[in-house]
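>>> Please work out how this folds:
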Amino acid sequence: MSGGIHPLAWVDPSAVLADGVTVGPFARIGAEVEIGEGTEVASGAQIQGPTRIGSGNRIHPHACVGTDPQDLKFAGERVCLEIGDRNQIREHVTIHRGTGKGGGLTRIGDDNLFMVYSHVAHDCRVGSRVIFANNATLAGHCEVDDDAIVGAFSALQQYGRIGRHAYIGGYSRLLADALPYVKTVGMRPAVLGVNRIGLQRKGFDADRIADIVRAFRIYLRSGLNSGAALERLSVEMPDNPDVAYLVDYVRSARRGVIRALPGRRGGEESGGDE
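Numbering: from 1, shown residues only. Model prediction:
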């Protein structure tokens with residue numbers, strides 16, 4: 001058995017640590033924390049429960065995981081955090097548990113990278129293989145789908161969403177949902193085109209990328225409003241799963257989607273019926 005608890009660490013008696021878990025000096029693991037095999041908790045990291053953490057994660061020095069939500073309505077009710085496997089949680093990252101009125105659960109998937117000082121607020125859902133650059137921030141109740149990249153110092157407001165394979169440029173201010181598959185950048189964010197390089201790195205072939213480019217040409221550049229463009233996509237590309245995801249994503253948006261193009265002042269944060 002590898003791993004071990006440093007004598008200067010503090011672990012609550014109710015915490016459950018699997019084989020191979022390593023806990024560094026001055027780390028603190030609270031009550032009702034479960035940690036899976038091979039996870040490393042570095043010096044000075046803080047984990048508060050109820051929190052369940054999977055296997056093979058690395059929690060770096062001074063990260064705060066599972067601490068109370070920053071919500072004035074939180075009254076100490078039992079709320080949870082769930083983290084999957086093989087995540088990298090770097091220094092000073094903060095990930096909060098849920099709130100009673102928000103579903104009571106914050107959930108993180110697998111194989112994510114949270115760089116220094118990034119923040120996941122209460123009741124958020126983060127998929128798998130997502131990258132948060134330094135100081136990237138999610139407010140409460142946000143959703144980030146698989147394979148997205150969130151640039152440094154970017155922020156997503158409450159209840160916002162970031163789509164699958166999206167690329168969010170640094171210092172972006174997202175007041176509506178960011179579309180999947182494309183690059184969204186700026187304080188008044190605009191769509192800078194399909195995230196071709198990111199899709200290639202994820203194994204998308206040329207034909208699949210060409211279909212996504214065609215879909216966004218219809219959705220963003222045809223001159224149709226959002227609803228009409230989605231109808232056209234459903235008719236012209238009915239059997240394409242990427243297009244089906246895009247259509248469902250936009251139709252399910254509660255705060256609209258960002259579909260402005262560079263140099264155009266309208267539609268930065270709208271449902272698209274401009």
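
>>> Quick one: residues contacting residue 39.
Each residue near residue 39 by C-beta atoms under 8 Å, 6 or more residues apart in numbering is listed here: 18, 20, 21, 22, 53, 54, 55, 56, 57, 58, 59. Placement of C-beta: from N, CA and C, glycine included.

>>> what does residue 156 give?
By C-beta under 8 Å, 6+ apart, residue 156 lies in contact with 137, 138, 139, 142, 144, 150, 162, 174, 178.

>>> is it true that the third one touches residue 123?
Which is residue 139. No. Using C-beta atoms under 8 Å as the test, residue 139 is too far from residue 123 to be in contact (9.9 Å).

>>> The two - which one has more neighbours?
A direct count of neighbours by other C-beta atoms under 10 Å for residue 139 and residue 123 places residue 123 higher, at 28 against 19.

>>> Would you agree that one is in contact with residue 103?
Yes. Between residue 123 and residue 103 there is a contact at 5.5 Å, judged by C-beta under 8 Å.

>>> any idea which helix or strand carries residue 215?
Using DSSP states H and E, residue 215 sits in helix 206-221.

>>> what about that helix, average pLDDT?
Regarding helix 206-221, the rounded mean pLDDT is 98.

>>> In the stretch 1-150 of the chain, where is pLDDT below threshold?
Applying pLDDT under 70 to the stretch 1-150 of the chain picks out residues 1-2.

>>> thinking again about what came up before, take the contacts of residue 156 and keep only those in strands.
137, 138, 144, 150, 162, 174 (DSSP state E).

>>> got these as a markdown table, with neighbour count and distance to residue 31 columns?
Converted to a markdown table, those look like this (neighbours: other C-beta atoms under 10 Å; distance: C-beta to C-beta, whole Å):
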| residue | neighbour count | distance to residue 31 |
| --- | --- | --- |
| 137 | 18 | 28 |
| 138 | 30 | 26 |
| 144 | 29 | 29 |
| 150 | 29 | 31 |
| 162 | 27 | 33 |
| 174 | 24 | 35 |
